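J.: Here is a sequence with its predicted model. Questions after.
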There are 2 protein chains.
Amino acid sequence: MGGDHGVRVTLPAIADFLQDFKDCSFLLVGDEKQIQPFLADRPPMKSHCSILHTEECVLSSDPVAVALRQKKASSMRLAIEQVRDGAAQAAVSAGNTGALMALSRFLLKTHPGIDRPAIISALPTSKGHCYMLDLGANVDVEAEHLLQFARMGTLVAQLRDDMTKPRVALLNIGSEDIKGNQLIKSAHQLFIDSDLHYVGYIEGDGIFRDEADVIVCDGFVGNVALKSSEGVARLLTERIRSEVSRSPWRKLLGLLSLPIWRALKKQMDPSLYNGASLVGLTGVVVKSHGGASRQGFLNALAVARAEAINNLPSRIALSFQSNQS
Amino acid sequence: MGGDHGVRVTLPAIADFLQDFKDCSFLLVGDEKQIQPFLADRPPMKSHCSILHTEECVLSSDPVAVALRQKKASSMRLAIEQVRDGAAQAAVSAGNTGALMALSRFLLKTHPGIDRPAIISALPTSKGHCYMLDLGANVDVEAEHLLQFARMGTLVAQLRDDMTKPRVALLNIGSEDIKGNQLIKSAHQLFIDSDLHYVGYIEGDGIFRDEADVIVCDGFVGNVALKSSEGVARLLTERIRSEVSRSPWRKLLGLLSLPIWRALKKQMDPSLYNGASLVGLTGVVVKSHGGASRQGFLNALAVARAEAINNLPSRIALSFQSNQS
């Protein structure tokens, strides 16, 4: 278990989480030799954890076929099986996204009426946050899939933020003439004809401008938009850091400005937005960024808890059922 | 002439430009009643400018068809015609992108071997800048078009930055399994088989990490990536500004930190990256952001000058000719 940093990040994050949520318990799927020593020193945490031992794990370099067909005892697979079998209400992984998606889809299946699961995550906006999907699960989609994504995104926003009518937008490009490819145009019509609270097209910069609560796109576009935004935010942060460290006087200014940086971090820290859900499945599966910090993994756990408590999968199933009948 | 701010931005920018580049002259296409008064006060500028009067202009809300078929005397159309007829070496516009692309393509045509023009622009990276194309001209492309974009991007990097072997990358998404759609996979193979200095796939965050000099993608993905990045950069800047203005003490810190902000602005200011070229055409056409500042429009003029002086269109034509033979 554990993504790039392994149990060094995930176990401390779980310890933090249990401080706040004593109603939760954990089934730690992985190598007990790595997990046991951490628990041994922490009796209160230990009482909320049990270990499902396995030494096999999916590597980030493993092709999906290997995760799916060869590594039958991988920690990732076992964790999802626990959700399928009702032994756990949610699985959280910081591992290989492609493998997690494929295993989840294979083991948990999608609800009737949903062709494909999608990856959804919160993103910061000028007034709070929005949800965007799909962030990388589906690279070739049809308009009907985008409509399904929009419905699922609406339910996520309703359940997580207690909204009644989340504004749904389609991610598109700006220039008048070339407004969108065929896929977007077809989806646009489907959205208009639906019962969604559809507010129309949105451009890339609109994501962060609070123009919508749910932003829908295919997985290729969504993943590129998300990663590009992360990239430019990181570049800006690095540049600020390098400018501040250029002289002792600037360093002093930087120190004096710490409360400002802390406040900014509180609003924009990627950790706060870590934890993307795989929606459309019969169980809760949450993907943490492979390189997530302790704070980031903690956030992914909170996302998983919120979805499990709200019973998101059943609510989605119900909504799609009533929409079909 | 002039985008969102009209001649209030473009004319002062031209005045600035002429301070630095006395080898240039301008044919100002637009309403002489707006242009004349500005020139009247500035004899040195006036001696480098002539006016091509027209009152018709393409609005940002005009559909492409209107720009193409109805507004035969629009300032945009007349400006491109000057390039076609050899009366100007470059056209710079802050107007409707779709119309500019369509008119340029119709009036200037593409070179033999190039199916579609593309929009290319510089973007900041951790070590300097890179070039990305297509940024929105083509939403439905084939692998062969991406190869053409890559060749054109290579030439732009070579000519503008005096590079010998620009590193070319294909923009893709991360997760192992779902590495790219069919288009990307086909293009990947074409790139490998070409004489490009191809370094492989790059993810969205790699754009800003100096992983490549030329980044190739279709216009939909490129536009979304660009706009999303702009959006998140703007959000960060706004948040910093709002945090700094929260108390008199913080405002003082902000003032003392002005040299830091100025240095950052010097590196990351969107103005510095304003000016996207329409490449693949028989003439130089540069698109300035509609909302560009004086500094931004100045930068777009510099891009146009550089391409005209380097004779980019002929160099591209030559390269495609030799590649076909």
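T.: Good, I have the coordinates.
J.: which regions of chain A lie under the pLDDT threshold?
T.: A:1-2, A:175-178, A:324-325 (pLDDT under 70).
J.: Nearest to the spatial middle of it, which residue is it?
T.: A:Ala276 (0.4 Å; CA atoms, centre = their mean).
J.: In contact with the closest residue to it other than its chain neighbours, which residues are there?
T.: Of all residues not flanking A:Ala276 in the chain, A:Ser121 sits nearest, at 3.9 Å (CB to CB, 6 or more residues apart in numbering or on different chains). The C-beta positions use only the backbone N, C-alpha and C, and glycine is treated the same way. Counting by CB atoms under 8 Å, 6 or more residues apart in numbering or on different chains, A:Ser121 makes contact with A:131-133, A:135, A:226, A:273, A:275-277.
J.: which of those residues lies closest to A:Pro37?
T.: A:Gly275 (26.6 Å; CB to CB).
J.: if I pick that closest one, what's in contact with it?
T.: A:92, A:121, A:286-288, A:296, A:299-304.
J.: tell me which residues in stretch A:3-14 are buried?
T.: In terms of neighbour count (16 or more other CB atoms under 10 Å in any protein chain shown), stretch A:3-14 has its buried residues at A:3, A:7, A:9-14.
J.: Take these and keep only those in helices.
T.: A:7, A:9-14 (DSSP state H).
J.: surely A:Leu39 meets A:His48?
T.: No - between A:Leu39 and A:His48 there is no contact under CB atoms under 8 Å: 9.8 Å.
J.: Chain A: strands as residue ranges?
T.: A:26-30, A:49-53, A:90-93, A:118-124, A:129-133, A:168-171, A:198-202, A:214-216, A:276-279, A:284-287 (DSSP state E).
J.: could those be laid out in a markdown table, adding distance to A:Val139?
T.: Formatted as a markdown table, the strands of chain A follow (distance: least, CB to CB, whole Å):
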| stretch | distance to A:Val139 |
| --- | --- |
| strand A:26-30 | 29 |
| strand A:49-53 | 33 |
| strand A:90-93 | 21 |
| strand A:118-124 | 12 |
| strand A:129-133 | 14 |
| strand A:168-171 | 15 |
| strand A:198-202 | 21 |
| strand A:214-216 | 15 |
| strand A:276-279 | 15 |
| strand A:284-287 | 17 |
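J.: can you pull the contacts of A:Phe38?
T.: A:7, A:11.
J.: actually A:Glu307, sorry about that
T.: Taking CB under 8 Å, 6+ apart as the test, what A:Glu307 contacts is A:90, A:159-160, A:277, A:284, A:286, A:313.
J.: Apply 10 Å and report the result again.
T.: A:89-90, A:156, A:159-160, A:275, A:277, A:279, A:283-286, A:313, A:315 (CB atoms under 10 Å, 6 or more residues apart in numbering or on different chains).
J.: Check these and tell me the two furthest apart.
T.: Those two in the contacts of A:Glu307 that are separated most widely, counting by CB to CB, are A:Gly275 and A:Arg315, at 18.4 Å.
J.: So which residues on the stretch 1-150 of chain A come close to chain B?
T.: A:58-68, A:96-102, A:119, A:123-126, A:132, A:135-141 (CB under 10 Å from any CB of the partner chain).
J.: hmm, try it at 6 Å
T.: A:64, A:97-98, A:136, A:139-140 (CB under 6 Å from any CB of the partner chain).
J.: out of the residues you listed, which are inside helices?
T.: Residues of the residues of the stretch 1-150 of chain A next to chain B located in helices (DSSP H): A:64, A:97-98.
J.: nearest to B:Arg209, of these?
T.: For those, the nearest to B:Arg209 is A:Thr97 (19.6 Å; CB to CB).
J.: Give the burial count for that closest one, as a bare number.
T.: Using other CB atoms under 10 Å in any protein chain shown, A:Thr97 is surrounded by 27 other residues.
J.: quick one: it and A:Lys127, what's the gap?
T.: 29 Å (CB to CB, to the nearest Å).
J.: In chain A, spot the helix with the most residues.
T.: Assignment by DSSP H; longest helix in chain A turns out to be helix A:219-244.
J.: other SSEs contacting it?
T.: Applying 3 or more CB pairs under 6 Å, 6 or more residues apart in numbering or on different chains; DSSP states H and E, one finds that helix A:219-244 contacts helix B:219-244, helix B:258-268.
J.: So what touches the last one?
T.: Contacting residues not belonging to helix B:258-268 are listed as A:239, A:243, B:124 [CB atoms under 6 Å, 6 or more residues apart in numbering or on different chains].
J.: Now do the first one against A:Trp261, distance only.
T.: When distances are taken as CB to CB, A:Arg239 and A:Trp261 turn out to be 14 Å apart.
J.: One more: the second one?
T.: Taken as CB to CB, the spacing of A:Glu243 relative to A:Trp261 amounts to 13 Å.
J.: quick one: which of those two has more around it?
T.: Using other CB under 10 Å as the criterion, A:Glu243 and A:Trp261 rank with A:Glu243 on top: 20 against 17.
J.: so how far is chain B from A:Ala143?
T.: Distance, A:Ala143 to chain B, using CB to the nearest CB, to the nearest Å: 15 Å.
J.: Tell me who's in contact with that residue.
T.: Taking CB under 6 Å, 6+ apart, one finds A:186-187, A:190 in contact with A:Ala143.
J.: can you check A:Leu11 too?
T.: A:Leu11 makes contact with A:Phe38, according to CB under 6 Å, 6+ apart.
J.: switch to 10 Å and redo it
T.: Going by CB under 10 Å, 6+ apart, A:Leu11 touches A:1-2, A:26, A:28, A:30, A:34-35, A:37-39, A:42, A:45, A:49, A:294, A:297.
J.: Give me the nearest residue to A:Glu81, chain neighbours excluded.
T.: Nearest residue to A:Glu81, sequence neighbours excluded (CB to CB, 6+ apart): A:Leu107, at 6.1 Å.
J.: and that neighbour, how many residues sit next to it?
T.: Neighbour tally, A:Leu107, other CB under 10 Å: 21.
J.: Contacts only, for it.
T.: A:68, A:77, A:79-85, A:91, A:281-283, A:285.
J.: Go ahead and confirm A:Val224 touches B:Asn181.
T.: No - A:Val224 lies out of contact with B:Asn181 (CB atoms under 10 Å); the separation is 11.5 Å.
J.: Can you check which residues contact both of the two?
T.: B:172-173.
J.: the more surrounded of the two?
T.: A:Val224 (29 against 18).
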